[in-house]
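Trainee: here's my sequence, what's the structure:
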Amino acid sequence: MIIQKTENSRISTFDPTNFSFGNTFIDHMVICEYENGKWGDVKLVPYGPIPFTPAMMGVNYGQACFEGMKAYKDKDGQVFLFRPEKNFERINKSAKRLAMPEVTEEMFLDGLKALVDIDRDWIPQGEGMSLYIRPLIFATEEALKARVADKYMFAIVATPAKMYYTEPVSVKISDHYSRAANGGVGSAKAAGNYAASFYPTQLAIEEGYDQIIWTDDATHEYFEESGTMNVFVRINDTILTPPTSEKILDGVTRDSFIALAKKRGFEVKVEPIKVKDVVEAQRNGTLKEVWGVGTAVVTTVFEALGYNGEKLELPKLSAEESYAEILKKDLVDLQTNLSEDTFGWRVLVDHVLETV
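Mentor: Numbers count the residues shown, from 1 in each chain. Next comes the predicted model:
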């Protein structure tokens, strides 16, 4: 790895009690370029713009995918990653689906650890605080030709993060728009998936909702995801979540929630969820809670579901009653080294660049 440490650190300007998530970037980034059929050297360099032209193929034809993950700092200042091998596996799954070159484990994990290590001072401490990390791959070849590109860039950037949603949200169950279709790229974290979701979400916001629960493209009879999150439903004391597929993203937080729920002895069913069953459960009082999970949000509890012009209110549960809140605490405690890691998910980031 080639390391170029910044001579103009901005850490003195960073106020961990007052910053904007997604707009505040740490001092460094990782980049690596692909050309002539192979990846070049991984470089850790000062964060900043990279020159590209409007003819860059990633912009014109959408060959771009990314990951979302976090680093956490415990009360003693130690820094941890959470299940990074899952993100490594998934970014390559996305790259393969988009006909892009896969990255090596060394590129991904070593670059990740080096970046987090050199900029560990940017990781805020405290409840809901973390460093959000964005690895991505995109086509950089300058050519207006609808074909697989010959040049790519792998990069990792990061932004300090705080709690995404502080209050429960209302979501509209979609009866027209879908996030993904059979045979499409729903199981990949393709950049275009997010662009396509913005307009339907905007329409839902105009109706007074915060997000959408996406339904299947063929019949709109089944839950798939919610916004950019995997979705969970609790009917009585049973947790349900849709199985992953070529339409539903294999979320790391989703997988972690399932494992933590089973550890607690909660009944978990991974099976298709019918919209009509959820609506019926709301009407007869057996629907206890619905929530979304994802890296950025961790957990977002829903307070109401929009369906056929109605706003169906959900029960207001205490933290002790809510499975969503119980599992969120279990996950965050594990991520921030407040509980024993019986799963082996937590990865300590050593001080490897102290002398650089």
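
Trainee: now Tyr61, nearest residue through space, not along the chain?
Mentor: Ala146 (6.0 Å; C-beta to C-beta, 6 or more residues apart in numbering). (Each C-beta comes from the backbone N, C-alpha and C, glycine too.)

Trainee: where do the helices sit along the chain?
Mentor: Remark: helices assigned in the chain by DSSP state H are 57-61, 84-97, 105, 111-118, 191-206, 252-264, 275-284, 323-335.

Trainee: what's the pLDDT at the residue lying farthest from the centre of the chain?
Mentor: Relative to the C-alpha centroid of the chain, counting by C-alpha atoms, centre = their mean, Asn284 is the outermost residue, at 33.7 Å. Asn284 is assigned 98 on the pLDDT scale.

Trainee: now for the helices of the chain, which one comes closest to Val290?
Mentor: Distance to Val290, taken as C-beta to C-beta, is lowest for helix 275-284 among the helices of the chain, at 7.2 Å.

Trainee: list the buried residues in that closest one.
Mentor: Val275, Asp277, Val278, Val279, Ala281, Gln282 (16 or more other C-beta atoms under 10 Å).

Trainee: do the same with stretch 171-180
Mentor: In stretch 171-180, counting by 16+ other C-beta under 10 Å, buried: Val171, Lys172, Ile173, Ser174, Tyr177, Ser178, Arg179, Ala180.

Trainee: contact partners for the nearest residue to the fifth one once chain neighbours are set aside?
Mentor: The shortest distance from Tyr177 to any residue other than its chain neighbours is 3.8 Å, reached at Pro200 (C-beta to C-beta, 6+ apart). By C-beta atoms under 8 Å, 6 or more residues apart in numbering, the contact set of Pro200 is Ser174, His176, Tyr177, Ile212.

Trainee: in the stretch 51-200 of the chain, where is pLDDT below threshold?
Mentor: Within the stretch 51-200 of the chain, the stretches with pLDDT under 70 are 165.

Trainee: repeat the analysis, applying 90 as the threshold.
Mentor: 127, 162-168 (pLDDT under 90).

Trainee: the strands in it, which residues?
Mentor: Here the stretch 51-200 of the chain has its strands, by DSSP state E, counting those that start in this stretch, at 64-66, 69-73, 79-82, 130-139, 152-161, 169-173.
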